[in-house]
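Asker: make a model of this:
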Amino acid sequence: MLDFARMHTQAFNDQYAYQGPLGMCYSPDHTTFRLWSPTASRVQVSLGQGQKWLLDLQADSQHPGLWFLDLQGNFYLHDYNYLLTFPDGSVHETPDPYAVAARANGKPSVILDPLAISPPGWSEEDWPAPLDQGRLAICEIHIRDLTIGPDNGIFHKGKFLGLTEPDTQTDQGHLSGLAYLKSLGVSHIQLMPCFDFASVDEAGDLSFNAQYNWGYDPENYNVVEGSYASQPDDPSCRILEFKTLVQTLHQAGFQVIMDVVYNHVYKLEESPLHLTVPGYYFRVQDNGVFYDGTGCGNETASEQIMFRKYMIDSLCYWAQTYHIDGFRFDLMGIHDVETMQAVRQALEAINPHILLLGEGWQMGHHPSGVLGANQSQAKKLPGFRFFNDQMRDALRGSNFGHQAKGWINGDTSLEKTQQVYHNILGQPDHGSYLDASQSVIYTECHDNATLYDKLVQTLPGISQEEAVKRQALALSIQCFSFGTLFFHAGQEMMRTKGGDSNSYQSPDSINALDYDRAGQYPALGQLFRRLLEMRSAMGVFSLTSYQEIAQAVELYRLEEGCIAYKLKYGGQVYLVAQNACTSPWQLDLPAGEWQPLLTQWTLPEEPGQAFSPVRDQLAVEGLESILVQQIA
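Answerer: The predicted structure is shown next:
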């Protein structure tokens with residue numbers, strides 16, 4: 001039995017750590033293979049299709065733990081796997097942990113050069129210009145959700161290419177796919193996992209309602225997911241089509257964030273990481289049992305030098321090869337601060353404006369002296385943004401318990417009102433953020449119930465009119481807050497999953513985006529777009545430092561269920577008034593004349609038009625947000 005504990009010592013890492021290139025490197029003249037496995041006694045590569053060759057890799061005398069083979073000839077599109085023999089006589093066959101291409105369902109690995117497989121114009125792409133904080137708005141999407149619907153007018157259903165089709169619309173005439181995304185006014189599209197995950201059979205039935213998963217089940221970290229490709233068994237196809245999607249989104253004016261899951265693997269015993277160096281890449285108890293801080297049966301050990309290198313190599317590969325503009329880290333608290341600092345440094349060397357965000361929950365079994373990359377350590381992680389669960393829970397209620405209420409759905413207590421205001425300023429009560437940009441302001445995401453479903457759960461019998469008002473109030477609070485805006489696709493059209501709060505493997509009938517709901521709630525969609533426009537135009541939400549925000553914001557009134565605050569920036573003065581109660585709120589205005597920009601959930605017909613000015617008093621209806629600008 002291998003001594004797992006020894007592999008988690010400084011001495012082991014000092015002896016065997018290797019910082020050079022790993023994986024397969026192809027050229028028409030020769031292919032090199034590099035594999036790190038300090039505990040193997042023999043490493044072979046099984047090469048070919050049909051008839052296979054079994055070739056030995058040589059131990060590198062200059063780098064203990066490294067195995068190397070330089071194979072002469074052209075082996076383009078040949079399959080390969082590694083066979084590792086260990087001192088106890090056990091033999092593991094595994095794909096390459098650094099594989100960049102694979103057949104359907106991730107096995108075997110395939111030899112090719114991903115840089116040579118690109119759509120026209122790919123090499124001429126430049127990194128997008130950095131965005132002002134007030135313009136930044138992230139929309140989270142799932143490839144299948146946005147393309148699989150039977151009546152959405154999209155030809156490539158469930159595929160990357162489905163989101164490259166221009167001008168699609170539903171049978172009822174509502175925008176769908178790329179056209180719908182372009183109509184929203186958001187700046188970033190966050191793609192739920194697009195690396196190769198194991199929970200969908202790529203060779204099986206991929207039609208509507210046949211099979212589904214969110215994709216948080218990593219199999220090959222550097223391989224594109226095959227179920228989203230038009231030909232899952234063609235290793236080149238998935239590369240080309242994913243690049244085509246990224247290029248299309250860039251041309252549409254979006255930046256692209258990729259959701260990555262380095263905190264666990266799908267099945268530890270089948271993971272190429274574990275099969276090549278058993279016990280090294282995962283946190284292990286003294287008795288040899290693997291820790292499970294993720295709830296997925298294992299948790300990776302980012303503090304281990306070679307897993308830190310693996311994460312950095314993988315992220316840099318996606319950024320460089322696929323022009324990814326940002327990364328969202330699933331369960332980022334599992335990782336450690338030092339690794340995430342190194343991740344940022346490496347990625348900013350590629351793209352100085354890379355956008356990084358993650359779930360900073362306190363979780364995982366970090367060794368003594370290792371700091372978890374969670375919200376409490378945010379000051380040590382500049383450049384990272386954290387999902388602000390306190391703001392989410394303050395607005396909609398905790399995810400733990402269907403009946404838990406927040407400010408927009410019934411809990412208008414003074415304590416909750418104050419908590420909402422602190423988070424509007426980007427300052428949650430834990431006070432751990434460096435500045436407001438680290439606060440990711442959200443009320444729904446792929447996890448847990450959609451906001452509409454949460455409203456229905458917590459307010460039984462709620463009318464559609466009231467639900468729209470409460471949903472609109474949540475949107476306005478987000479848009480008039482300091483921080484990083486984050487929305488779940490469909491939030492602006494009252495998206496529902498029928499009350500399913502954990503739809504990770506529920507059928508398409510639950511998860512697919514129903515674009516026709518936009519036609520049922522057109523005013524809400526219009527409000528969403530204009531809120532983003534107003535936020536950007538006001539300029540004040542570009543501020544991120546708490547000192548500058550304190551100078552620009554003045555709390556005007558705060559009482560149970562009601563907040564009013566003044567915003568002073570660029571020579572302009574605004575007043576935001578938000579009423580989470582069902583009864584009207586009569587608010588005495590500061591001296592002067594005020595121009596309403598948003599009132600009673602109505603907007604002027606055109607951006608250049610205006611409501612009549614008001615003085616002295618403002619009537620803020622129940623469940624309403626009002627924005628006025630001082631004009632005299």
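
Asker: how about Asp429, what does it touch?
Answerer: Residues in contact with Asp429 (Cβ atoms under 8 Å, 6 or more residues apart in numbering) are 390, 419, 422. No exception for glycine: its C-beta is placed from N, CA and C like everyone else's.

Asker: not counting sequence-adjacent ones, nearest residue to the second one?
Answerer: The shortest distance from Gln419 to any residue that is not its chain neighbour, by Cβ to Cβ, 6 or more residues apart in numbering, is 4.5 Å, and that residue is Ala394.

Asker: hmm, back to that, narrow the contacts of Asp429 to those in helices?
Answerer: In helices, defined here by DSSP state H, the members of the contacts of Asp429 are 390, 419, 422.

Asker: CA atoms of stretch 544-564 as PDB?
Answerer: Once side chains and other backbone atoms are set aside, the C-alpha atoms of stretch 544-564 remain, and they are given as PDB (Å, rounded to 0.1, in the frame of the first residue of the first chain):
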ATOM      1  CA  THR A 544     -15.200  50.600  -5.500                       C
ATOM      2  CA  SER A 545     -13.100  52.000  -2.600                       C
ATOM      3  CA  TYR A 546     -15.100  52.300   0.600                       C
ATOM      4  CA  GLN A 547     -13.600  55.700   1.200                       C
ATOM      5  CA  GLU A 548     -14.900  57.000  -2.100                       C
ATOM      6  CA  ILE A 549     -18.300  55.400  -1.600                       C
ATOM      7  CA  ALA A 550     -18.600  57.000   1.800                       C
ATOM      8  CA  GLN A 551     -18.000  60.400   0.300                       C
ATOM      9  CA  ALA A 552     -20.500  59.800  -2.500                       C
ATOM     10  CA  VAL A 553     -23.400  58.200  -0.500                       C
ATOM     11  CA  GLU A 554     -25.500  59.800   2.200                       C
ATOM     12  CA  LEU A 555     -28.100  57.800   4.100                       C
ATOM     13  CA  TYR A 556     -31.200  60.000   4.000                       C
ATOM     14  CA  ARG A 557     -33.800  57.900   5.700                       C
ATOM     15  CA  LEU A 558     -34.000  54.300   7.000                       C
ATOM     16  CA  GLU A 559     -36.900  52.700   8.800                       C
ATOM     17  CA  GLU A 560     -38.500  49.300   8.900                       C
ATOM     18  CA  GLY A 561     -38.800  48.200   5.300                       C
ATOM     19  CA  CYS A 562     -37.800  51.500   3.800                       C
ATOM     20  CA  ILE A 563     -34.400  52.900   2.700                       C
ATOM     21  CA  ALA A 564     -33.600  56.200   1.000                       C
END
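
Asker: now do the SS call for Ile510.
Answerer: Following DSSP: H, G, I helix; E, B strand; the rest coil, Ile510 is assigned to helix.

Asker: quick one: the strands in the stretch 451-600 of the chain?
Answerer: With DSSP state E, counting those that start in this stretch applied, the stretch 451-600 of the chain shows strands at 484-488, 553-559, 562-569, 572-579, 585-588, 594-598, listed in chain order.

Asker: ok, which stretches of the stretch 151-300 of the chain are strands?
Answerer: 188-191, 195-197, 218-224, 255-260.

Asker: among the ones you listed, which comes closest to Ser123?
Answerer: strand 255-260 (17.2 Å; Cβ to Cβ).

Asker: can you list the strands that the closest one pairs with?
Answerer: The partner list of strand 255-260 in its sheet, established with DSSP bridges, is strand 188-191 (parallel), strand 326-329 (parallel).

Asker: mean neighbour count and mean pLDDT added to these, as a markdown table?
Answerer: Supplementary listing: the strands paired with strand 255-260 in a markdown table, determined by neighbours: other Cβ atoms under 10 Å; pLDDT from 0 to 100:
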| stretch | mean neighbour count | mean pLDDT |
| --- | --- | --- |
| strand 188-191 | 25 | 98 |
| strand 326-329 | 24 | 98 |
